[in-house]
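Undergrad: got a structure for you, letters missing:
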């Protein structure tokens, strides 16, 4: 099976001191051992950089751009990155109107649009509830702790 890896998974996977790191690492290991493919989107990389370089008092990791670059390079080596393609925007546009997306949830809608255009049905995320609205689109959110 093919999974898109959500940004929160990438953050926890890269933060060795975070309490969810062992769960993220274990899920990646188990899925790969089972022959599953774990992919990321350019959107994940952008969101990762945003959180990684944001100050800690603003709910970020407080990393320098150089440190964020090192972590993102590691992530890009471990998880193949899908390309952005022109068909993603029309699908995103359809989703935000059809599902009634507003505010910050537009970013999740863009990930779902990419998934739909690439034929991916599963997303590995700690925030499964953020993707409940897409069940009618046949999107399945999988919590790493359930792997």
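TA: Sure, I can see it. Bear in mind that the values here come from a model prediction, so they are computed numbers and not experimental data.

Undergrad: drop to CA atoms for contacts and neighbour counts, all remaining ones
TA: Will do.

Undergrad: which SS state does the most far-flung residue of the chain relative to its centre fall under?
TA: Computed with C-alpha atoms, centre = their mean, the residue of the chain farthest from its C-alpha average is residue 57, at 23.0 Å. Secondary structure, DSSP: H, G, I helix; E, B strand; the rest coil: residue 57 is helix.

Undergrad: what are the ranges of the strands in the protein?
TA: With DSSP state E as the criterion, the chain has strands at 2-5, 37-39, 122-124, 140-142.

Undergrad: any weak-confidence spans in the protein?
TA: By pLDDT under 70, the chain has no low-scoring segment.

Undergrad: how about the helices in it?
TA: For the chain, the helices defined by DSSP state H cover 7-14, 21-33, 42-53, 65-78, 88-99, 106-118.

Undergrad: Need the contact partners of the fourth one.
TA: Spelled out, it's helix 65-78. 10, 14, 45, 48, 49, 52, 53 (C-alpha atoms under 8 Å, 6 or more residues apart in numbering).

Undergrad: Which of those are buried? Put it as a ChimeraX command.
TA: Per 16 or more other C-alpha atoms under 10 Å, the buried members of the contacts of helix 65-78 correspond to this ChimeraX selection:
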select :10,14,45,48,49,52,53
